[in-house]
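[1] pasting the sequence and the predicted coordinates here, then a few questions.
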Amino acid sequence: MRRVLLVSLLLISSLAHAELPETDWLELMPKSDQKALELMPEIDHSSPEAMGTFTEKGGMKQSKGLPAVMYSTKTVPAMNGKQIRLGGYPVPLESDAKGNSTLFFLVPYPGACIHVPPPPPNQLVLVRYPRGVKLDDIYTPLWVSGTLKIEKVSNDLADAAYALDAGKVKAVEEGDL
């Protein structure tokens, strides 16, 4: 009996420390938006509609003229309240007194929101991480785990259709790939 209890406790402990499976960015986008993205022509970053506009505070917003899917805030209801692990790149927004990022966008590819146009709002996740994470390089991919919420967020840099209360943030390591 004691041995069964010990094995059970070890199993529970290992499950508690197991990583959540990776969530694919496309899981955050309704099928209709996925189809529209597949059919969208390649964006030429030198074209007028790709240039975006700077806001008064210096952020870059999309200018009108791109296909509607690039502005989509359509979400997947089944993702609301779900525990996920999402890989992506940080776009810092706020930091604590030690310089650790406590609020940032997570985006699916490096340089998003720096180049234009930013990803559609349903491909941007606002991450709240009160513990903070040191971000030395925005081109270092992160794993972010926590509870995803459908929440429309707008700031001077971009708009997001989701927010995530992170319980864990860590850099992606070679062995993760």
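    It's in.

[2] and residue 142, bridged to which residues?
    Going by DSSP bridges, residue 142 is paired in beta bridges with residue 88, residue 171.

[3] nearest residue to the residue positioned nearest the centre of the chain in space, please, no chain neighbours.
    With the centre of the chain defined as its mean C-alpha position, the nearest residue by Cα atoms, centre = their mean is residue 106, 3.1 Å away. Counting by Cβ to Cβ, 6 or more residues apart in numbering, residue 88 is the residue found nearest to residue 106 once chain neighbours are left out, at 4.1 Å. (C-beta placed from N, C-alpha, C; glycine too.)

[4] what about that neighbour, how many neighbours?
    By other Cβ atoms under 10 Å, 24 other residues sit near residue 88.

[5] do I have it right that it meets residue 141?
    Yes. The pair formed by residue 88 and residue 141 meets the contact definition of Cβ atoms under 8 Å, at 6.7 Å.

[6] what is the end-to-end distance of stretch 132-142?
    End-to-end distance of stretch 132-142 (Cα to Cα, to the nearest Å): 13 Å.

[7] what's the mean pLDDT across it?
    The predicted model gives stretch 132-142 an average pLDDT of 94.

[8] buried sites along it?
    Applying a neighbour-count criterion of 16 or more other Cβ atoms under 10 Å, the buried positions in stretch 132-142 are 132, 133, 135, 138, 141, 142.

[9] can I get those residues in TSV with distance to residue 149?
    Written out in TSV, the entries for the buried residues of stretch 132-142 read as follows (distance: Cβ to Cβ, whole Å):
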residue	distance to residue 149
132	20
133	19
135	22
138	24
141	22
142	19
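
[10] looking at those residues, spot the one nearest residue 70.
    Relative to residue 70, the closest of the buried residues of stretch 132-142 is residue 138; by Cβ to Cβ it sits at 21.6 Å.
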